[in-house]
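Colleague: Build me a model from this:
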Amino acid sequence: MRNEILLILSVLVCYGSVLVLFKIFREIGLFTWTVIATIAANIEVLILVKAFGMEQTLGNVLFASTFLVTDILSEIYGKKAANKAVLIGCATSAIFIILSQYWLCTRLGYASYEKHFFQYPQSYVCRFNSICNLSIV
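Modeller: So this is what the prediction gives:
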């Protein structure tokens, strides 16, 4: 399947999900989508695809769907609800970054001590040594 078709399907699924969550759960559904889209966009930003003649990340579509969420919230529930969605997105992103860095540090530490687990090059572990306070064996 071509990347263009997958990108178009991704747009339809993301924006369709926003509308379905809004129809079923109203304001809470939009706040929920903000959390889901923020976490998924932070994961999918690592995946590069070439579509329509340009390289882009998959997280673009998910992150852009949060703009639709804030627009709907602002139009129907007011500026206060839209600001709440933005704050929820920022908090979710910060918590996700902190947790993912913690997971990275614990996995790199475990990999440097237990050779049967992930096999990271020694230089890769050393790069994160100052962040994780690991001692290289």
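Colleague: from memory Y15 sits against L68, does it?
Modeller: Yes - using C-beta atoms under 8 Å, Y15 makes contact with L68 at a distance of 6.5 Å. Quick note: C-beta positions are derived from backbone N, CA and C, even for glycine.
Colleague: Tell me which of these two has more neighbours.
Modeller: Shown here are Y15 and L68; by other C-beta atoms under 10 Å, L68 has more neighbours (17 against 14).
Colleague: The residue lying closest to the more buried one once chain neighbours are set aside is in what secondary structure piece?
Modeller: For L68, the nearest residue in space outside its immediate sequence neighbours is V18; the separation is 5.6 Å by C-beta to C-beta, 6 or more residues apart in numbering. Secondary structure here is read from DSSP states H and E; on that basis V18 sits in helix 3-25.
Colleague: other SSEs contacting that helix?
Modeller: helix 27-44, strand 48-51, helix 59-77 (3 or more C-beta pairs under 8 Å, 6 or more residues apart in numbering; DSSP states H and E).
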